[in-house]
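Engineer: Got a sequence here, can you build the structure:
(chains A and B)
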2 protein chains.
Amino acid sequence: MTDTVISSAKREVVIGFERPFVVIGERINPTGRKILAAEMSSGDFSRVGSDALAQVQAGAHMLDVNAGIPLADEPALLARAVELVQSLTPVPLSIDSSIVDALEAGLAVYQGKALVNSVTGEEERLEAVLPLIKKYGAAVVAISNDETGISEDPDERFEVAKKIVQRAADYGIPHNDVVVDPLVMPIGAINQAGRQVIHIVKRLREELGVNTTCGASNISFGLPNRNGINAAFLTMAIGAGMTSAITNPLHDGVMQACMAADVMMGHDPDCRRWITRYREPSAMGGEGERRRRSSRRGRRV
Amino acid sequence: MTDTVISSAKREVVIGFERPFVVIGERINPTGRKILAAEMSSGDFSRVGSDALAQVQAGAHMLDVNAGIPLADEPALLARAVELVQSLTPVPLSIDSSIVDALEAGLAVYQGKALVNSVTGEEERLEAVLPLIKKYGAAVVAISNDETGISEDPDERFEVAKKIVQRAADYGIPHNDVVVDPLVMPIGAINQAGRQVIHIVKRLREELGVNTTCGASNISFGLPNRNGINAAFLTMAIGAGMTSAITNPLHDGVMQACMAADVMMGHDPDCRRWITRYREPSAMGGEGERRRRSSRRGRRV
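Structural biologist: Below is the predicted model:
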């Protein structure tokens, strides 16, 4: 039993072995989104707000917030995005940057216990990020690559994760505040990528006792019908013990796959969430009304 | 590596640990289908034929054929259904009955090596069915219940399966011709049903080295959006090592889940089957044409 508690001022989400799967919405990220990048650079954060609301409406339990725009003042942009999203939604956030100053700017304005995305096994990153995690009492995503890059051997990636967990402990950060991302490769290029994830997630859970996350959409890069592959990946990864993912809750099938996987794992007692979401409309109200009521009810974990 | 070879006169299908998942179409079964039962009783087998063709068109790799109609001459009906389906489609069959004389009548007219569905751990059944399997050189589905009924403890169900495999060996039937059905409970009633299947499938594979099958649709009995639950169940079961299932290939999402799970397991080299099935229509032909061509191409295992 490893519980990673993440919170906002209004809500607590627990990532854990015997908990419902946690979906972290990936949309607030200007990488590859030219319009969003241009708007954020010019100070227009309206799309950040609408993306936040849409993802929570779709069922995201947390949101990732990234403001990585080349040549922009990323610390200022990230802090503003964090403040805006926290003013609009109650869900806890993952503060996402490869720039340490930006992570600190986001943490400084964040209300609650954030998830910081991310630290790698590179010495320079460990020494810069882990003290921040300790200072702000946050949790951290540990990405299993280091100075040598990303190993194709999942057992080498496991060793990098193990090093990060040990180094975090040296800084007084408990293993349950380290959420490991074992790195998901595109299965169109590496046909063993799915089995690699199953293998490493089991080792991370059994040997290190840590929670796990991943950028789930990466698995289907370059393939047609990406939703079908993403849904199968998430279901199988949850079956293997993965406890959260950074993904797109607006994609058809992603939320359904996660909810069905929770049922399969016995993490939806009496299938109550599934039945509430999918039961036929009764004579008392149409399905649309039921869905709106259901989504307003929010999440209890 | 355990390969169970099933064949018709025209085609071989291999159920195996490192093979694509085998979908056995469940539709030709009058249980709970009043119109089909009435037609078959009166000698009208047109729906048997159309159900066979539709399931193969949808991607089924084998078909289950059942003629269980109360008070009817089941051996004659089953033999006729087997002959008809074999005349219409090249896929190998699972000959399905709880009446030993019906199994023998089906086997007597079958061309190829059939899968017989099923034997249980009950002494009377073992002694009646296993000699038939040996006589006709067939493979058999072993259902993990016995005189005491179906245990809720998956480890007790494992012990029943083990007994059947041992008894089959006494009759000269190798373990790779026994495909174990670990029995899937409705998850709406038994919330641990999904994890039970994952647990017992692993034990069956690692300790007995046998292939596995199941009546997959049973998992979602009583729940809304059954397709969503069925897809998650199949995906997770394949991730745990299940190698075939008796299910409805006409249901939305079932074939997609099985194909995506094959990709995830590395059983679709270079994702070729997935890409062929789902790639965007080109300027040279619409998607409908592509699907027809793809389905004519048949299955290579």
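Engineer: Around chain B, which positions in the stretch 201-301 of chain A sit nearby?
Structural biologist: Residues of the stretch 201-301 of chain A lying near chain B by CB under 8 Å from any CB of the partner chain: A:223-225, A:228-229, A:231-233, A:235-236, A:238-240, A:256-257, A:259-261, A:263-266, A:268-271, A:274-275, A:278-280. Where C-beta positions appear, they are placed from N, C-alpha and C, glycine not excepted.
Engineer: Give me the buried subset of those residues.
Structural biologist: A:223-225, A:228-229, A:231-233, A:235-236, A:238-240, A:256-257, A:259-261, A:263-266, A:268, A:271, A:274-275, A:278 (16 or more other CB atoms under 10 Å in any protein chain shown).
Engineer: Which ones among the residues you listed map onto strands?
Structural biologist: Among those, the subset assigned to strands under DSSP state E is empty.
Engineer: Let me know the next secondary structure element after the host helix or strand of residue A:94.
Structural biologist: In the assignment (DSSP states H and E), residue A:94 maps to strand A:93-96. For strand A:93-96, the following helix or strand on the C-terminal side (DSSP H and E) is helix A:100-109.
Engineer: Can you tell me, leaving aside adjacent residues, what's nearest to residue A:236?
Structural biologist: Excluding its sequence neighbours, the residue lying closest to residue A:236 (CB to CB, 6 or more residues apart in numbering or on different chains) is residue B:239, at 3.9 Å.
Engineer: give the contact list for the one you found.
Structural biologist: Residue B:239 makes contact with A:198, A:235-236, A:239-240, B:261, B:264-265, according to CB atoms under 8 Å, 6 or more residues apart in numbering or on different chains.
Engineer: and of these, the nearest to residue B:74?
Structural biologist: residue B:261 (34.9 Å; CB to CB).
Engineer: list the contacts for the closest one?
Structural biologist: Residues in contact with residue B:261 (CB under 8 Å, 6+ apart) are A:232, A:236, B:21, B:234-235, B:238-239.
Engineer: What is the nearest of those residues to residue A:5?
Structural biologist: Nearest to residue A:5 among the contacts of residue B:261, with distances taken as CB to CB, is residue A:236, at 26.5 Å.
Engineer: low-scoring stretches of chain A, by residue?
Structural biologist: Scanning chain A for pLDDT under 70 picks out the ranges A:281-301.
Engineer: Which parts of it are helices?
Structural biologist: Ranges of helices within chain A are A:34-41, A:46-58, A:74-88, A:100-109, A:123-136, A:154-170, A:193-203, A:226-240, A:254-264, A:272-278, A:287-296, based on DSSP state H.
Engineer: quick one: the fourth one to chain centroid distance?
Structural biologist: Computed by CA atoms, centre = their mean, to the nearest Å, the separation of helix A:100-109 from the middle of its chain amounts to 18 Å.
Engineer: Just list what that helix packs against, helices and strands only.
Structural biologist: helix A:74-88, strand A:93-96, helix A:123-136 (3 or more CB pairs under 8 Å, 6 or more residues apart in numbering or on different chains; DSSP states H and E).
Engineer: Any buried residues in the longest one, and which?
Structural biologist: Meaning helix A:74-88. For helix A:74-88, burial by neighbour count (16+ other CB under 10 Å) applies to A:74-75, A:77-82, A:84-86.
Engineer: Reformat these as TSV; add distance to chain B.
Structural biologist: Below are the buried residues of helix A:74-88 laid out as TSV (distance: CB to the nearest CB, whole Å):
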residue	distance to chain B
A:74	36
A:75	39
A:77	36
A:78	34
A:79	39
A:80	39
A:81	34
A:82	34
A:84	34
A:85	30
A:86	33
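Engineer: Tell me the one among those nearest to residue B:17.
Structural biologist: Within the buried residues of helix A:74-88, proximity to residue B:17 (CB to CB) peaks at residue A:85, which comes in at 46.6 Å.
Engineer: ok, residue A:195 - contacts?
Structural biologist: Residue A:195 sits in contact with B:264-266, where contact means CB under 8 Å, 6+ apart.
Engineer: Repeat the analysis, applying 10 Å as the threshold.
Structural biologist: Contacts for residue A:195 (CB atoms under 10 Å, 6 or more residues apart in numbering or on different chains) come out as A:154, A:187, A:236, A:240, B:239, B:264-267.
Engineer: Distance to residue A:60 added to the residues you listed, as TSV?
Structural biologist: Converted to TSV, the contacts of residue A:195 look like this (distance: CB to CB, whole Å):
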residue	distance to residue A:60
A:154	28
A:187	24
A:236	21
A:240	22
B:239	24
B:264	23
B:265	28
B:266	30
B:267	32
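Engineer: so which of the residues you listed comes closest to residue B:121?
Structural biologist: Within these, distances to residue B:121 taken as CB to CB reach their minimum at residue B:239, with 27.1 Å.
Engineer: Not counting sequence-adjacent ones, nearest residue to residue A:146?
Structural biologist: Per CB to CB, 6+ apart, closest to residue A:146 is residue A:121, 3.5 Å.
Engineer: so the one you found makes contact with residue A:145?
Structural biologist: Yes: using CB atoms under 10 Å, residue A:121 is in contact with residue A:145, at 6.4 Å.
Engineer: Any idea how many residues pack against residue A:137?
Structural biologist: 12 (other CB atoms under 10 Å in any protein chain shown).
Engineer: residues in contact with it?
Structural biologist: A:107, A:112-114, A:173, A:177.
Engineer: how far away is it from chain B?
Structural biologist: Separation of residue A:137 from chain B (CB to the nearest CB, to the nearest Å): 34 Å.
Engineer: distance of that residue from residue A:120?
Structural biologist: 21 Å (CB to CB, to the nearest Å).
Engineer: Repeat that for residue A:216.
Structural biologist: Going from residue A:216 to residue A:120 by CB to CB gives 19 Å.
Engineer: do residue A:263 as well
Structural biologist: On the measure of CB to CB, residue A:263 and residue A:120 end up 35 Å apart.
Engineer: for residue A:44, same thing?
Structural biologist: Counting by CB to CB, the gap from residue A:44 to residue A:120 is 32 Å.
Engineer: How about residue A:12?
Structural biologist: Computed as CB to CB, the residue A:12 to residue A:120 distance reads 27 Å.
Engineer: again, but for residue A:142
Structural biologist: According to CB to CB, residue A:142 stands 8 Å off from residue A:120.
Engineer: Mind checking which of those two has more residues around it?
Structural biologist: Legend: neighbour count by other CB under 10 Å for residue A:142 and residue A:120, higher for residue A:142 (31 against 21).
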